[in-house]
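Q: only the shape, not the letters, is given here:
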């Protein structure tokens, strides 16, 4: 049995708690010689450091599958995109601002991260992703149509997060999907933006059989990806319901779990 393609989530999986790819993980991934694709809720600008460090030249998957892209010579080369309907995004932001004044709201296009206020949650996200948001008034920004890939909502209050999920369920806006990442993030995208969609594109493009694929993940938004591949490797820091779908549990994201899984499981299959 041969593994011909590895897919990996970033936050909580490939990246350590400081938001970095460890030198050990980077070395193992580069030396393994197995094509490696990042599959993340992040934007391209939040992924570029890892792309460069791992020397990745093939298609990558951002915005939970809402964007398939590769790094071009001067910019991102868009292969496929699934945008939020602008009117839906416009309505959602207005309702959230009215109902959840304390919530941190971010809007993402291809090359920018926008927010309407700098608070502790935005400062935390900037530190982890090593990027800075553009500060603007959402009503002004959304006065004319824009290409929007993702609306990200952050709260450190678990009860508030439950209220937010219930609110979105009751609002029932058409054509959107939302997935919680960890305890603090809720990411809203086009309903077609799922990690498995990007994986299907690459599997088709490379003529990959399911048993030739493996994936690393830790969160709820990783479930479609983990359930689609032949070998699901889940981090020790994942929640129990994510571990339940694992073929193997690997060490945590702070213990080079991705590198461990490649060395002690995937390369053995290729031996």
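A: Thanks, I have the structure now. Values in this document were obtained by computation on a predicted structure and should not be read as measured data.
Q: what about the strands in the stretch 1-150 of the chain?
A: 5-8, 36-38, 60-62, 67-71, 76-81, 104-108, 113-115, 134-135, 150-154 (DSSP state E, counting those that start in this stretch).
Q: same list, those strands, but as CSV with mean neighbour count, mean pLDDT and distance to residue 263 please.
A: From N, CA and C alone the C-beta is placed, and that goes for glycine too. Putting these into CSV (neighbours: other Cβ atoms under 10 Å; pLDDT from 0 to 100; distance: least, Cβ to Cβ, whole Å) gives the following:
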stretch, mean neighbour count, mean pLDDT, distance to residue 263
strand 5-8, 24, 98, 12
strand 36-38, 22, 97, 14
strand 60-62, 28, 96, 23
strand 67-71, 21, 93, 26
strand 76-81, 16, 94, 31
strand 104-108, 23, 97, 35
strand 113-115, 21, 98, 35
strand 134-135, 10, 97, 41
strand 150-154, 23, 97, 34
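Q: let me have the ones you listed in CSV, adding distance to residue 28 as columns.
A: Listed next are the strands of the stretch 1-150 of the chain as CSV, based on distance: least, Cβ to Cβ, whole Å:
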stretch, distance to residue 28
strand 5-8, 11
strand 36-38, 10
strand 60-62, 19
strand 67-71, 21
strand 76-81, 26
strand 104-108, 30
strand 113-115, 30
strand 134-135, 36
strand 150-154, 30
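Q: which one of these lies closest to residue 126?
A: Evaluated with Cβ to Cβ, the strands of the stretch 1-150 of the chain place strand 113-115 nearest to residue 126, the distance being 8.6 Å.
Q: so, low pLDDT: which residues of this protein?
A: Low-confidence regions of the chain, defined here as pLDDT under 70, cover residues 1, 271.
Q: how about the helices in the stretch 151-271 of the chain?
A: With DSSP state H, counting those that start in this stretch as the definition, the stretch 151-271 of the chain shows helices at residue ranges 158-171, 195-205, 223-228, 240-243, 257-261, 267-269.
Q: hmm, who's touching the third one?
A: Yep, that's helix 223-228 we're talking about. The list of residues contacting helix 223-228 from outside it, by Cβ atoms under 8 Å, 6 or more residues apart in numbering, reads 7, 9, 39, 194-196, 199-200, 210, 213, 215, 217, 232, 234, 242, 245-246.
Q: in that helix, which residues are buried?
A: Applying a neighbour-count criterion of 16 or more other Cβ atoms under 10 Å, the buried positions in helix 223-228 are 223-226, 228.
Q: check the fifth one too.
A: Within helix 257-261, the residues that qualify as buried are 257-261, counting by 16+ other Cβ under 10 Å.
Q: who's in contact with the closest residue to residue 85 other than its chain neighbours?
A: When the adjacent residues along the chain are set aside, residue 85 lies closest to residue 175, with 5.3 Å between them (Cβ to Cβ, 6 or more residues apart in numbering). Residue 175 is in contact with 84-85, 88, 190-191, counting by Cβ under 8 Å, 6+ apart.
Q: residue 114 now?
A: By Cβ under 8 Å, 6+ apart, residue 114 lies in contact with 106-108, 133-136, 138, 141.
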